[in-house]
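Enquirer: Sharing a model prediction with you, sequence too.
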Amino acid sequence: MTRIAIVGAGISGLTAACVIEEHAHRNNLDLTTLVIEKQDRTGGKIWSIKEEGYLCEWGPNGFLDNKPMTLDFCRRLQIEDRLLRSDDNARKRYIYADQVLHRLPENGPSFLSSKLISWPGKLRLAGEMLVPKRTDPSDETLAEFGRRRLGKEALDKLISPMVSGIFAGDPETMSLKSCFPRICELEQEYGGLLKAMIRLARKKRADIKAGKAVASAAGPGGILTSFTEGIQELTDAATARLKGEMISGQEVVRIEKKSGGFMLHLADARQLDADIVITASPSYAVAAMIEEINSQAATLLRQIPYAPMNVVCSGYQRERITRDLDGFGYLIPRGEGCHTLGTLWDSSIFPNRAPQGHVLLRSMMGGATNSAAIEFSDEEVVERTVADLERIMGIAGAPDFVKVFRHPRAIPQYTRGHGARLQALDQALEVTPGLLLTGNAFYGVGLNDCVNAADRIAQRAIKLMEERTG
Ligand SMILES: Cc1cc2nc3c(=O)[nH]c(=O)nc-3n(C[C@H](O)[C@H](O)[C@H](O)COP(=O)(O)OP(=O)(O)OC[C@H]3O[C@@H](n4cnc5c(N)ncnc54)[C@H](O)[C@@H]3O)c2cc1C
């Protein structure tokens with residue numbers, strides 16, 4: 001019997017295991033899976049914690065419905081009826097700039113009337129139409145791209161907050177091509193972003209006419225989707241679906257190469273055989289596991305940095321907040337002198353995130369541009385978050401409920417040269433056939449990207465197994 005081991009039971013590892021098992025079941029294959037997870041729970045970054053009537057997301061609070069793979073996975077897990085689309089109001093996003101919360105403009109007229117960007121900044125942005133298409137193939141950072149095409153103000157007030165919202169990243173170091181490949185393509189396909197927007201807006205109007213669902217232009221595209229009891233329903237359902245062996249609360253410390261396969265060494269000295277190994281753990285953890293069998297790949301994996309993040313969930317009685325919470329929340333550009341990167345109005349995005357008459361806000365602090373924040377004590381983290389909430393939203397005093405979550409290595413950073421590193425990694429892995437890598441460190445950090453990448457790697461494992469067994 002062929003055994004495929006999967007190391008790590010976050011969304012990536014669970015997806016890979018489910019896809020392989022589905023295939024084996026459909027084709028009546030002599031195959032078994034073994035999933036090994038370091039923590040005593042599955043889900044990895046996904047963890048929905050219910051306390052005092054608040055539903056607090058430790059990591060992600062949903063996925064976007066504009067890519068089919070996660071939705072399709074939900075259908076296969078038969079949890080489609082549990083899906084919860086975010087409130088329509090959550091399409092409204094805000095940016096805190098120059099001491100004011102500005103609604104992120106969604107179209108031309110609202111952009112013109114918005115005070116978020118100054119008139120010189122707007123003119124510079126309009127000048128994007130005239131900026132020639134880039135021909136230099138070298139890896140450009142997000143900041144270089146922003147300054148070149150859109151101007152400094154748009155970089156500071158639009159691009160940088162978006163990068164901290166998605167990657168907790170620093171635009172000065174992040175690769176445009178690896179973080180936002182579609183933006184790179186749009187420039188190449190249409191000659192610029194405004195030209196692309198005009199052409200795509202025409203298509204959107206045609207879609208609306210044809211009755212197709214469309215997302216807000218201001219958001220990243222797609223509608224944020226979760227479940228009644230939080231995003232953990234997804235990984236719980238995937239875990240429950242697995243038929244193979246699951247070892248949790250055990251770390252893989254070393255992977256050894258054996259003839260025709262591998263030996264996994266666990267922290268408790270157990271040794272387990274596998275014909276194929278899929279790692280779905282953070283890149284630094286994989287580097288430690290494979291150092292002895294592929295030091296070149298390990299070196300490349302160690303070059304992928306991670307940004308830290310604190311997540312602060314604050315609960316308030318609704319009447320303590322005077323402003324409307326009619327949106328997704330806000331992001332804060334770096335120069336505003338705030339401690340937090342932004343705050344999501346979680347109880348406005350999804351119902352039942354806070355007890356009746358209360359609201360739940362979730363603030364992010366840290367990221368690549370403020371990595372020292374991970375060293376703050378809980379008291380310091382809360383104090384600084386409260387100060388920002390008072391300054392930005394006018395909320396006086398401490399929250400009625402507070403919870404601080406820590407992610408010392410929250411999100412992998414696709415820095416300049418990431419694409420070349422991945423190519424070199426693929427080459428380095430040629431000496432260890434049967435060792436396959438997935439997870440959020442490579443081709444996207446969103447849950448959709450993780451599900452997509454894990455599906456692709458599962459297909460590769462299946463193909464490899466079929467080639468070997470004839
Ligand atoms: C605060 C925060 C908010 C986010 N918000 C969103 C969002 O709203 N929407 C979205 O799409 N994405 C969001 N993301 C990104 C997304 O959550 C992650 O990219 C994704 O969950 C990563 O899944 P993964 O399975 O690749 O990795 P992980 O979830 O990190 O799973 C890796 C697993 O490997 C295990 N492991 C590690 N070492 C070993 C070992 N030696 N042996 C065995 N097991 C090991 C770990 O314990 C872990 O369970 C957010 C991330 C963070 C941190």
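Expert: Done, it's in.
Enquirer: What segments of the stretch 1-150 of the chain are helices?
Expert: For the stretch 1-150 of the chain, the helices defined by DSSP state H, counting those that start in this stretch cover 11-26, 68-76, 108-113, 119-126, 142-149.
Enquirer: try the stretch 351-470 of the chain
Expert: Counting by DSSP H, counting those that start in this stretch, the helices of the stretch 351-470 of the chain are 378-393, 418-428, 447-469.
Enquirer: do you know which of the ones you listed lies nearest the ligand?
Expert: helix 447-469 (3.7 Å; C-beta to the nearest ligand atom). Where C-beta positions appear, they are placed from N, C-alpha and C, glycine not excepted.
Enquirer: Find the nearest non-adjacent residue to residue 261, please.
Expert: Residue nearest to residue 261 in three dimensions, not counting chain neighbours: residue 275, with 4.5 Å by C-beta to C-beta, 6 or more residues apart in numbering.
Enquirer: Would you point to the one among the helices of the stretch 351-470 of the chain that's packed deepest?
Expert: Mean neighbour count (mean count of other C-beta atoms under 10 Å) peaks for helix 447-469 among those, with a mean of 20.
Enquirer: circling back to that earlier point, need the helices of the stretch 351-470 of the chain in JSON lines (columns: mean pLDDT and distance to residue 366).
Expert: JSON lines is the format used below for these (pLDDT from 0 to 100; distance: least, C-beta to C-beta, whole Å):
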{"stretch": "helix 378-393", "mean pLDDT": "98", "distance to residue 366": "9"}
{"stretch": "helix 418-428", "mean pLDDT": "98", "distance to residue 366": "21"}
{"stretch": "helix 447-469", "mean pLDDT": "95", "distance to residue 366": "21"}
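Enquirer: any chance of those helices in a markdown table, plus distance to the ligand?
Expert: Shown next, in a markdown table, are those (distance: least, C-beta to the nearest ligand atom, whole Å):
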| stretch | distance to the ligand |
| --- | --- |
| helix 378-393 | 14 |
| helix 418-428 | 15 |
| helix 447-469 | 4 |
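Enquirer: could these go into a markdown table alongside distance to residue 308?
Expert: A markdown table is the format used below for these (distance: least, C-beta to C-beta, whole Å):
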| stretch | distance to residue 308 |
| --- | --- |
| helix 378-393 | 12 |
| helix 418-428 | 19 |
| helix 447-469 | 20 |
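Enquirer: For stretch 459-466, which outside residues touch it?
Expert: Under the contact criterion C-beta atoms under 8 Å, 6 or more residues apart in numbering, stretch 459-466 has outside partners 2, 4, 16, 19-20, 23, 29, 31, 275-276, 278, 433-434, 436.
Enquirer: Between those, which sits nearest residue 454?
Expert: residue 16 (4.3 Å; C-beta to C-beta).
Enquirer: what's the pLDDT at the closest one?
Expert: Here the pLDDT value assigned to residue 16 is 98.
Enquirer: who touches the residue nearest to residue 306 when sequence neighbours are not counted in this structure?
Expert: In space, and not counting its chain neighbours, residue 306 is closest to residue 409: 3.6 Å by C-beta to C-beta, 6+ apart. Listed by C-beta under 8 Å, 6+ apart, the contact partners of residue 409 are 282, 284, 306-308.
Enquirer: Out of those residues, grab the one that's most surrounded.
Expert: Counting neighbours by other C-beta atoms under 10 Å, residue 307 leads the contacts of residue 409 with 23 neighbours.
Enquirer: orientation of the helix or strand where that one lies relative to helix 378-393 in degrees?
Expert: Residue 307 belongs to strand 306-317 when assigned by DSSP states H and E. Angle between the axes of strand 306-317 and helix 378-393 is 70 degrees (criterion: axes from the mean of the first three to the mean of the last three C-alpha atoms, to 10 degrees).
Enquirer: Pull out the buried residues from strand 306-317.
Expert: Using 16 or more other C-beta atoms under 10 Å as the test for burial, strand 306-317 gives 306-316.
Enquirer: Since that was my last question, I'll sign off now.
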